[in-house]
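Enquirer: Need coordinates for the following:
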Amino acid sequence: MAGTQGPGSLVGIEQALDPGASFDLVIDTRSPAEFAEDHLPGAVNLPVLDDDQRARVGTLYTQVSPFAARKLGAALVARNIARHLEEQLQDRPKGWKPLVYCWRGGMRSGAMTSVLTQVGWAARQLEGGYRAYRRKVLADLDVLPARLRFVVLHGPTGSGKTALLEALDAAQAQALDLEGLAEHRGSVLGGFDGGAGAAGGGQPGQKAFESRIWQALRRFDPARPVYVESESRRIGRLSLPHALFEALIGSECVRVVAPLEARVAHLTERYADIFRDPDAFKRRLGYFVEQHGRKTVEQWCAWADAGRWQDLAREIVRAHYDPAYQRGGNALYRRVAQARPLELPALDHDAIIRAVQELTIRDGHALGTTNAE
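Expert: Sure thing, here's the model as predicted:
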């Protein structure tokens, strides 16, 4: 059986992802660019070939010969593994047990595992590498959503849906924050600043986004509801997995209702990071010119220059977001017409906590409990 042999033996993906697995570190030996695109949960990148070296070896393989490529690759791999041993791995104890993988469980992870085993560590190699992990993620994303009971929060922009999800999570309810996982607020003005997404623009790549969703879904208890905000098929430039979106649009709904002025105050607080840079904010307002006209957007830019953020938020809500919501932005959700209302007279901390208590009591789960209904 995989994983039961001596040092250096292969470990299957199911065993590697088992919560009871006792690996001290998961090592991704692929190049930094491959690692940035996606990787196993908790993995660290100790590449045996960096991006440039990998390209050099690949070019030599196609243009000269496989033998010449392997010879160069072996020299580079040896130097890089030696550097890792002298730096990141220098202080690891004798009983240390790492799991090592590369793209498909081949030469790169094999070389690292062999050296670590020769040192005396109980190194294991992931059978099938990242490719096996990716297949596991995609297979699970096809079936996990149908096993869960989602409760979808609907409501116009600024009605506190994300704040509710955060409070639900803090209260030990099950919450799936898709915008947080996508590092995007789900609107034209919604990109997160300073995100660590590998593909730029503050968002992760599609594969990493799917891995984040997979990690969240596999932790949820099917006996308890999972709260999630209504989303379109795309959040920024990322797409929701098909089975998840199909599950969401058929789920029960809650309509969050809050007064306009409370929403305006909430928006100016939640978007404070982008308001701090009026020039960057005005560039984002440029996306509205085609729909609302240059004169209107120039007025909004003038308010930004003057720091009139509440006036600006109020007008954008009235002119753009509310009409879009009323035109049926959630029309794909089949049970939205039967949504139960959740009325919030305000959107401050205390009001959000009271709303969370109402939601969890309605759904049969008092705050902080983990028992099934």
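Enquirer: mind listing what the closest residue in space to G307 that isn't next to it in sequence touches?
Expert: What sits nearest to G307 in space, not counting adjacent residues and going by CB to CB, 6 or more residues apart in numbering, is P278, at 7.7 Å. In this view, the C-beta of every residue, glycine as well, is placed from N, C-alpha and C. Listed by CB atoms under 8 Å, 6 or more residues apart in numbering, the contact partners of P278 are 304-305, 307.
Enquirer: Can you list the neighbours in contact with stretch 63-82?
Expert: Here stretch 63-82 has contacts from 47-50, 53, 56-58, 60-61, 107-108, 111-112, 115, using CB under 8 Å, 6+ apart.
Enquirer: Considering these, which possesses the most neighbours?
Expert: V48 (28 neighbours; other CB atoms under 10 Å).
Enquirer: Okay, it and A208: tell me how far apart.
Expert: Distance, V48 to A208, by CB to CB, to the nearest Å: 22 Å.
Enquirer: which residues touch L153?
Expert: 161, 164-165, 227-230, 253-254, 256, 342.
Enquirer: Can you classify it as helix, strand or coil?
Expert: Here L153 is recorded as strand under DSSP: H, G, I helix; E, B strand; the rest coil.
Enquirer: do A175 as well
Expert: A175 ends up strand, using three-state DSSP.
Enquirer: Run through the bridge partners of it.
Expert: Beta-bridge pairing for A175 (DSSP bridges): Y227.
Enquirer: count of residues packed around it?
Expert: 25.
Enquirer: What score does it have for pLDDT?
Expert: Note on A175: pLDDT of 97.
Enquirer: Quick check: it touching P225?
Expert: No. The criterion here is CB atoms under 8 Å, and A175 misses it with P225 at 9.7 Å.
Enquirer: what's around H292, how many residues?
Expert: H292 - counted by other CB under 10 Å - has 17 other residues nearby.
Enquirer: did I read that right, I27 in a strand?
Expert: Yes. I27: assigned to a strand according to three-state DSSP.
Enquirer: Which residue, neighbours along the chain excluded, lies closest to it?
Expert: Of all residues not flanking I27 in the chain, V100 sits nearest, at 4.7 Å (CB to CB, 6+ apart).
Enquirer: just I353 next, same as before
Expert: Nearest one to I353, counting by CB to CB, 6+ apart, is A167 at 6.1 Å.
Enquirer: Kindly export the helix or strand where the one you found lies (C-alpha atoms) in PDB.
Expert: Per DSSP states H and E, A167 falls inside helix 161-170. C-alpha atoms of helix 161-170 as PDB (Å, rounded to 0.1, in the frame of the first residue of the first chain):
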ATOM      1  CA  LYS A 161     -23.900  40.900   3.100                       C
ATOM      2  CA  THR A 162     -20.100  40.500   3.400                       C
ATOM      3  CA  ALA A 163     -20.200  41.900   7.000                       C
ATOM      4  CA  LEU A 164     -22.800  39.300   7.800                       C
ATOM      5  CA  LEU A 165     -20.700  36.500   6.400                       C
ATOM      6  CA  GLU A 166     -17.700  37.700   8.500                       C
ATOM      7  CA  ALA A 167     -19.800  37.800  11.600                       C
ATOM      8  CA  LEU A 168     -21.300  34.400  10.900                       C
ATOM      9  CA  ASP A 169     -17.800  32.900  10.500                       C
ATOM     10  CA  ALA A 170     -16.700  34.600  13.700                       C
END
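Enquirer: Report the distance from it to the chain centre.
Expert: 16 Å (CA atoms, centre = their mean, to the nearest Å).
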